[in-house]
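**Student:** starting from these lines, generate the structure:
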Amino acid sequence: MLNEKEIELIVEKMIIKQFKKGEILLRESQIKTKCFMVIEGCVREYLIKDGVEKSTAFFTEGDTFTHFTHDGKGSPSKHYRGCGEDCVLTISNQAFEKELRTVLPGLDAVLQKIAVEKLNKAKAEWSFFISFSPED
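**Tutor:** Below is the predicted model:
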């Protein structure tokens, strides 16, 4: 949906960083401000309940996940997000996304397509989850 020149502009401006296994990207109660995409590795999202870590999601190559809400309120996180293995991630924030949307009007359509794909994936995972019996 984007041409080669537009893709090159995004890549040129993108921040890419390596993280070691065990590094924490977000802690419970921290204000969420960043958005990530996994280039390599696996990021685990989890809660700590009664002193026990409970995994709630995994993000692998090509997955995006955000620490910020688009309402601009900067709500505190209810989760932790940590690197389950060595990772290479892109990092952005709302200001970066706003800048890109200004210079790349077609980006909104791409981001909307990604959001719809993520919503459909979540629906499929939820349907799969609720089809199990309590014993399963």
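**Student:** which residue lies nearest the spatial centre of this protein?
**Tutor:** Nearest to the mean C-alpha position of the chain, by CA atoms, centre = their mean, lies Phe65 at 0.7 Å.
**Student:** mind naming the longest helix for this structure?
**Tutor:** Longest helix in the chain, counting residues (DSSP state H): helix 107-130.
**Student:** pull up the distance across stretch 42-60, start to finish.
**Tutor:** This stretch, stretch 42-60, spans 5 Å end to end (CA to CA, to the nearest Å).
**Student:** who touches it?
**Tutor:** 25, 28, 36, 38, 41, 63, 65, 78-85, 87, 89 (CB atoms under 8 Å, 6 or more residues apart in numbering). For the C-beta atoms, the positions are set from N, CA and C on the backbone; glycine is no exception.
**Student:** circling back: isn't there a strand covering the residue nearest to the centre of the chain?
**Tutor:** Yes: according to DSSP: H, G, I helix; E, B strand; the rest coil, the state of Phe65 is that of a strand.
**Student:** for the longest helix of the chain, packing partners?
**Tutor:** helix 94-103 (3 or more CB pairs under 8 Å, 6 or more residues apart in numbering; DSSP states H and E).
**Student:** and the helix it packs on, what does it pack onto?
**Tutor:** helix 4-13, helix 107-130.
**Student:** export the first one as CSV, just CAs?
**Tutor:** Right, the one you point to is helix 4-13. Output of helix 4-13 as CSV, limited to C-alpha atoms (Å, rounded to 0.1, in the frame of the first residue of the first chain):
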residue,chain,number,x,y,z
GLU,A,4,9.2,2.2,-2.3
LYS,A,5,10.2,5.8,-1.6
GLU,A,6,7.6,6.0,1.3
ILE,A,7,9.0,2.7,2.7
GLU,A,8,12.5,4.0,2.5
LEU,A,9,11.5,7.1,4.4
ILE,A,10,10.0,5.1,7.2
VAL,A,11,13.1,2.8,7.4
GLU,A,12,15.4,5.9,7.4
LYS,A,13,13.6,7.4,10.3
